[in-house]
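Enquirer: Below are the sequence and a predicted model; questions follow.
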Amino acid sequence: MTELSAAHAADPATTLEGAHLTTLGGPHTVRALPAGQLAALAQDIRTYLIEKVCAAGGHLGPNLGVVELTIALHRVFDSPRDAILFDTGHQAYVHKILTGRAAGFDRLRQAGGLSGYPSRAESVHDWCENSHASTSLSYADGLAKANELNGRHNRSVVAVIGDGAMTGGMAWEALNNIGASQRPVIVVLNDNGRSYAPTTGALTRHLHTLKYPGDHSNITDASEAPDLFTQLGFTYLGPVDGHDTGALQHVLDHARALRRPVLVHAVTVKGWGFGPAEGDEADCLHAVGTVDAVTGKPAPTAGPPAASWTSVFSQALLELAGEREDLVAVTASMLRPTGLYPMAVKYPERVFDVGIAEQHAVTSAAGLALGGLHPVVALYSTFLTRAADQVLMDVALHRLPVTFVLDRAGVTGPDGASHHGMWDASLLGMVPGLRLAVPRDSSQLKSLLREATAHEAGPTAVRFPKGTAGPDLEAVRRAGSVDILSESGIRDVLLISYGPLAPLCLQAASQLTEQGIGVSVADPRWATPVAPELLELAARHRLVVTVEDNSRTGGLGSTLAQHLQDNAITTPIRTLGLPRTFLTHGPREQLLTDAGLSSAQIAYTVLRARAAKPLEHTITDGSPQ
Ligand SMILES: Cc1ncc(C[n+]2csc(CCOP(=O)(O)OP(=O)(O)O)c2C)c(N)n1
Ligand SMILES: CC(=O)[C@@H](O)[C@H](O)COP(=O)(O)O
Ligand SMILES: [Mg+2]
């Protein structure tokens, strides 16, 4: 341990000459450092990352893998004059430390704290905030064109993309354009051999054929054997040791000078420098909650951990797969996060991981259905929107029996704006022939998944949030497919709860009942198509209020409102849901409350609606009153 790191052991923020990572002035400080101090800087950053991310939670493995790479990038390129883009953005913590934001890591991904992704509100050094993978090369292509048109001829555009993100189709669309354009874009492929799990496929096999050219001094020569990238118009430089700052600088300097498309192939280790991450077979501690900074493990819980929605789905699917040989599953590089792992272990030939390629996943599932199988496509809700056309035209237009299982639907929390699953119900509500189920608890998830996979006349979808499913909520009776969770003899107010917000609606109902207002709570279970029994219930009440963990705009409530109108049901309706805005990062419960989705605010909406006087419909002829 250097004397510097010894100081670090005392105070993890202590670094060079007593300076603190928290007082690093910015990239110019990094560029001014003597080369001999870079190893110590890397070590200090690594120690700091382990301490802070284990305490706050976040993306530990990916960021430990890019410490030297990010230092080299900021020593060679002059950010923000040169643009350094991070694909997916989950590996930008070192970039944030080197651009003056180390102090923010105590509140990483917390309300009002540092975002877990690049954020233009935080820094001029941050360019793209979207945490959806495979976009950086397209941004880079556009930025390079803008530099050319604006006469900014000596600027560099650098995109850092992981080998996982490189399996996404957009990346190849961009490579095709950049290679043809011969504009000076530098693609840094951060090849750690993994997405969550080890990356597979032809690209991975190709990357493994590219061998180290001995020392790095001659690496600046384009590789002799024309390879995939050179044939696309790039100069390929690599592979280079992604933990050797000097070698990286040497190659990046050369890439910068070439002023043409270059692909630098950096080979790194995900979780480098932290044993529990390097050795984690599952995903190298890709994303952690609060964990021990020595073992990398979460604190032991008193009893068995509460069942997560994902684990309930995982078990239910495994049972269904045991009953039906035609059931297959598709994931876009998220086998474990979406709960498909147990099925992949038991029925490996029936689970397909297509890489970070949601568009391909959906249309490949359509092919599986054309072939007589019933595919379950398991995605995070936020990534479904990338495959909107495929859902609509490749699946629904053909009325194919594909079941979409959308985890992390609704407000997710710490991952912020591009991870909240708040548009899927608006999107799917428009898809002709698609049936959308919104389970309120574990028991409903199991039964609705069974119903969805039994439906062969067209596509189905089941959505549920991040986190643990609450206790099962018994219905007092069922009307058609609609569960009545509580019923008042006075047909005054009908609260319609879509999915996991049922407990909030029941609490609101009891608050209102104490005030002598008759409130019934209904759970449609199947949000679309709208059940006739739900329309009948609405017709028999004086006010309907819908509550959903999805955007209000085009959401389930507005779909119901349209059906009331179409059926000449004049019961007033209020729709509660998420606002038409990008929600920041923070705790799920807090963000729901901020959006007006709490029992008190639901009750308040009812009281206000009941007190509202009908507007006097005075038609004026426009003359001044
Ligand atoms: C479109 C999309 N699908 C899925 C994800 C979920 N996801 C986040 S990071 C990740 C793995 C990325 O692997 P890689 O690009 O190799 O980066 P690494 O974590 O290895 O540094 C995935 C699948 C995402 N962010 N975007
Ligand atoms: C960057 C990315 O898309 C994933 O790593 C995501 O952050 C994981 O989210 P969960 O932690 O909810 O699985
Ligand atoms: Mg990777």
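Expert: Nice, thanks for sending it over. Ligands and ions are numbered 1, 2, ... in the order given.

Enquirer: can we go C-alpha only for contacts and neighbour counts from here?
Expert: Fine.

Enquirer: Point out the residues in the protein that sit beside ligand 2.
Expert: Contact residues (Cα under 6 Å from any ligand atom) of the chain with ligand 2: His90, Ser131, Ala287, Pro337, Asp415.

Enquirer: Where does pLDDT dip in the stretch 501-625 of the chain?
Expert: Applying pLDDT under 70 to the stretch 501-625 of the chain picks out residues 613-625.

Enquirer: tell me which element the residue in it positioned nearest to ligand 1 falls in.
Expert: Nearest residue of the stretch 501-625 of the chain to ligand 1, counting by Cα to the nearest ligand atom: His585, 15.3 Å away. For His585, there is no helix or strand it lies in under DSSP states H and E.

Enquirer: residues in contact with the residue most central in space within the chain?
Expert: In the chain, the centroid-proximal residue (Cα atoms, centre = their mean) is His419; its distance is 3.8 Å. Residues near His419 by Cα atoms under 8 Å, 6 or more residues apart in numbering: Ser131, Thr382, Thr412.

Enquirer: Please repeat the previous calculation with a cut-off of 6 Å.
Expert: Going by Cα atoms under 6 Å, 6 or more residues apart in numbering, His419 touches Thr382.

Enquirer: secondary structure class for it?
Expert: Three-state assignment for His419 (DSSP: H, G, I helix; E, B strand; the rest coil): coil.

Enquirer: ok, and what's touching stretch 26-33?
Expert: Contacts for stretch 26-33 (Cα under 6 Å, 6+ apart): His74, Arg75, Leu98, Thr99, Gly100.

Enquirer: any idea of the mean pLDDT for stretch 286-293?
Expert: Stretch 286-293 carries an average pLDDT of 97.

Enquirer: Hmm, Gly413 and the residue of the stretch 501-625 of the chain closest to ligand 1 touching each other?
Expert: Yes. With contact defined as Cα atoms under 6 Å, His585 counts as touching Gly413 (5.4 Å).

Enquirer: remind me, longest strand of this structure?
Expert: If you go by DSSP state E, the chain has its longest strand at strand 543-551.

Enquirer: List of residues touching that one?
Expert: 410, 422-423, 493-498, 557, 571-579.

Enquirer: mind redoing it with 8 Å?
Expert: 409-411, 421-426, 492-501, 505, 538, 555-557, 571-580, 597, 606, 609-610.

Enquirer: the helices in the stretch 1-150 of the chain, which residues?
Expert: 3-10, 27-32, 38-56, 60-64, 67-76, 93-96, 136-149 (DSSP state H, counting those that start in this stretch).

Enquirer: hey, which of those is tucked in deepest?
Expert: Mean neighbour count (mean count of other Cα atoms under 10 Å) peaks for helix 60-64 among the helices of the stretch 1-150 of the chain, with a mean of 28.

Enquirer: That helix near ligand 3 anywhere?
Expert: No. Helix 60-64 stays clear of ligand 3 (Cα under 5 Å from the ion), getting no nearer than 7.6 Å.

Enquirer: burial count for His208?
Expert: 12 (other Cα atoms under 10 Å).

Enquirer: On the three-state scheme, it is what?
Expert: helix.

Enquirer: Likewise for the one 3 residues further on?
Expert: Going by three-state DSSP, the secondary structure assigned to Lys211 is coil.

Enquirer: so is the closest residue to it other than its chain neighbours in a helix, a strand, or just coil?
Expert: Nearest in space to Lys211, with sequence neighbours left out and distances taken as Cα to Cα, 6 or more residues apart in numbering, is Pro239 at 6.5 Å. Put simply, Pro239 is strand when judged by three-state DSSP.
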